[in-house]
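Pasting a predicted model and its sequence here:
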Amino acid sequence: MWSAPSWPVTLSTGSLVLRPIRHRDRAAWTALRHRNARWLAPWEASNPDPEGYLPTYHQMVRSLTGQARAGAALPFLITEQHPGSRDARLVGQLTVSGITWGSAMTATLGYWVDAERAGRGIAPTAVALVTDYCLGELGLHRMEINIRPENIASLRVVEKLGFRDEGLRPRYLHIAGEWADHRSFALTSEDVPRGLLTPWLESLHQRHD
């Protein structure tokens, strides 16, 4: 018997803070998405219905918050909170979706990061932090990430963290106006007995030594 995880939840490590997306974040979120429109366009989910539409910001937040309270999703904003600063800078979004309990105990993770902050370890650190929370605190067994084969930046994230490549899923999701192939990557709790975050941060420290 499972019980839905408490929500809201905030996770942090160093200057990185993952917190729930909120209605009052609309202006900052919209500005960041607008500035990153060209960077994100090739990987954007789209509606396969020719007459369909994507949800507005408030519709998205309302839906994700409802799913979170039901134990089916974890919608986080990725922010940076530097020492001495009272303001956190919004740098991306990470959503755990499709949380399935029972005999599966699995979830899917997706993310995007501001182009100006890409390549600084933000995405892998956020993924590691949330994966540890899901496998440890929530007791899930498997975390999955699906990435378009052309998305080199995202492929680097799963490579750095050691996610297992489980092969190609042809025409898996409707992206940028067409059904697009994705490569599926996953980890189970047995794969990471120490978790993901500690080994990842240790590897970063070794690079700087």
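Great, that's in hand.

any idea of the mean pLDDT for stretch 85-92?
Confidence over stretch 85-92, taken as the mean pLDDT, stands at 87.

List the buried residues of that stretch.
When burial is assessed from 16 or more other CB atoms under 10 Å, stretch 85-92 yields the following buried residues: 88-92. Using the backbone N, CA and C atoms, a C-beta is placed for each residue, glycine as well.

Mind putting those into JSON lines with distance to residue 131?
Written out in JSON lines, the entries for these read as follows (distance: CB to CB, whole Å):
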{"residue": "88", "distance to residue 131": "22"}
{"residue": "89", "distance to residue 131": "23"}
{"residue": "90", "distance to residue 131": "21"}
{"residue": "91", "distance to residue 131": "19"}
{"residue": "92", "distance to residue 131": "16"}
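
In contact with the closest residue to residue 80 other than its chain neighbours, which residues?
Taking CB to CB, 6 or more residues apart in numbering, and ignoring the residues beside it in sequence, residue 80 has residue 89 as its nearest neighbour in space, at 4.7 Å. In this structure, residue 89 makes contact with 79-81, judged by CB atoms under 8 Å, 6 or more residues apart in numbering.

go on, residue 191?
With contact taken as CB under 8 Å, 6+ apart, residue 191 is in contact with 162, 164.

let's see 7 Å
By CB atoms under 7 Å, 6 or more residues apart in numbering, no residues touch residue 191.

Give me the distance between it and residue 53.
Between residue 191 and residue 53 the computed distance is 39 Å (CB to CB, to the nearest Å).

How about residue 155?
Residue 155 sits 30 Å away from residue 53, going by CB to CB.

just residue 143 next, same as before
To residue 53, residue 143 is 30 Å away according to CB to CB.

Verify the contact between residue 174 and residue 46 for me.
Yes. Under the contact definition of CB atoms under 7 Å, residue 174 touches residue 46, with a separation of 5.2 Å.

Going along the chain, name the helices of the chain.
Under the criterion DSSP state H, the chain contains helices at 26-35, 37-40, 57-69, 122-132, 152-161, 197-208.

quick one: contacts of the fourth one?
Same thing as helix 122-132. By CB under 7 Å, 6+ apart, the list of residues contacting helix 122-132 reads 11, 13, 16, 18, 76, 78, 91-92, 94, 96, 109, 111, 113, 143, 157, 160-161, 187, 195-197, 200.

what do you get for the longest one?
For helix 57-69, the external contacting residues (CB under 7 Å, 6+ apart) are 7, 21-23, 26, 29-30, 55, 73-75, 95.

Compare neighbour counts for residue 143 and residue 53 and give me the winner.
Counting neighbours by other CB atoms under 10 Å for residue 143 and for residue 53 shows that residue 143 has the greater number, 25 against 8.

which residues does that one form a beta bridge with?
For residue 143, the beta-bridge partners under DSSP bridges are residue 107, residue 187.

That one contacts residue 107, doesn't it?
Yes. Residue 143 lies in contact with residue 107 (CB under 7 Å); the separation is 6.0 Å.
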